[in-house]
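**Student:** with the sequence up front, the predicted model follows.
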Amino acid sequence: MDFSKYLYHFLPHICVLCGDRADELICQACHVDLPRNDRCCPTCALPLTADQLICGDCLALPKRFHLTVCPLVYQYPVDHLILRFKKRDPRTWARALAPFLATALATRYGPSDSWPDILIPVPSHSLTRLRRGFNQAHALADMLSKVIGIPVAPVIKRQGKLRPQKTLDRKTRFANLHGAFVCDTHLSGATVAVIDDVITTGATAELISDCLLKAGAGAVHIWALARTPKPRG
């Protein structure tokens, strides 16, 4: 029997950022200081300047997805926290990071009936999943599902051999991901939320959205923990 999930609630914790005693992995003081993505493009969540209402990229190139919810900016120390989420026990780090996204979702959707019907985690490459033993996007989707009551449906599959996305600029990312995602499930007009950890250029979100719309989705929303301050390339 795995007692770790029970011991977590009774043993003292140390904040992973400042080293002080804390009730959770991140103490309240560090929690408040994390860089928030409060002023951002409603479509792609790119951080905006004070005089912008929507980013130039979304004005020039309308996206296949409808909206994006992304509460944090991918800069220090958020980048370090998400790296730990990717490399270590996903349940522990999903428990630490998911509340940021859950709070942003409650603000965005509120008590309305406009919530998505299903959550779809971005699939990881099979070799990455084999090496790590998990898919962090699926772990995050499972944690959110428990909080908001929307089922997880991992209907997107990843195929082909890809170069690591983190080494590529925006244009090359699109080329690298071409044909990488397939969905064999008919989605019957459902509104779906695609779950990922970080949005960098938006290439993955754009191509997965196109795949899901072709599979019959009525609308695609994107949910992620953090957004890079600006597109690369």
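**Tutor:** Thanks, I have it.
**Student:** okay, now the domains of this protein?
**Tutor:** Split into domains by automatic domain parsing, the chain comes to 1-33, 36-227.
**Student:** worst average pLDDT in the ones you listed?
**Tutor:** Lowest mean pLDDT of those: domain 1-33, a mean of 72.
**Student:** kindly list the longest helix within this structure.
**Tutor:** Scanning the chain for the helix with the most residues, using DSSP state H, yields helix 90-109.
**Student:** how far off centre is that one?
**Tutor:** Taking C-alpha atoms, centre = their mean, to the nearest Å, one finds the center of helix 90-109 at 10 Å from the center of the full chain.
**Student:** so what touches the helix or strand just after that helix?
**Tutor:** Following helix 90-109 in sequence order, the next helix or strand is strand 118-121 (DSSP states H and E). When contacts are defined by C-beta atoms under 8 Å, 6 or more residues apart in numbering, strand 118-121 is touched by residues 135, 137-138, 140-141, 144-145, 150-156, 187, 190, 192-196, 208, 212, 223. Heads up, the C-betas are built off the backbone N, CA and C, glycines and all.
**Student:** buried ones among those?
**Tutor:** Neighbour-count burial (16 or more other C-beta atoms under 10 Å) is assigned, among these, to 135, 137-138, 140-141, 144-145, 150, 152-156, 187, 190, 192-196, 208, 212, 223.
**Student:** sort out for me which of those residues are in strands.
**Tutor:** Secondary structure defined by DSSP state E assigns 156, 192, 193, 194, 195, 196, 223 of the buried ones among the contacts of strand 118-121 to strands.
**Student:** how about those in JSON lines, adding distance to residue 96?
**Tutor:** Converted to JSON lines, these look like this (distance: C-beta to C-beta, whole Å):
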{"residue": "156", "distance to residue 96": "25"}
{"residue": "192", "distance to residue 96": "26"}
{"residue": "193", "distance to residue 96": "21"}
{"residue": "194", "distance to residue 96": "22"}
{"residue": "195", "distance to residue 96": "16"}
{"residue": "196", "distance to residue 96": "17"}
{"residue": "223", "distance to residue 96": "17"}
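**Student:** out of those residues, which is nearest to residue 34?
**Tutor:** Among those, residue 223 lies closest to residue 34 (C-beta to C-beta), at 17.5 Å.
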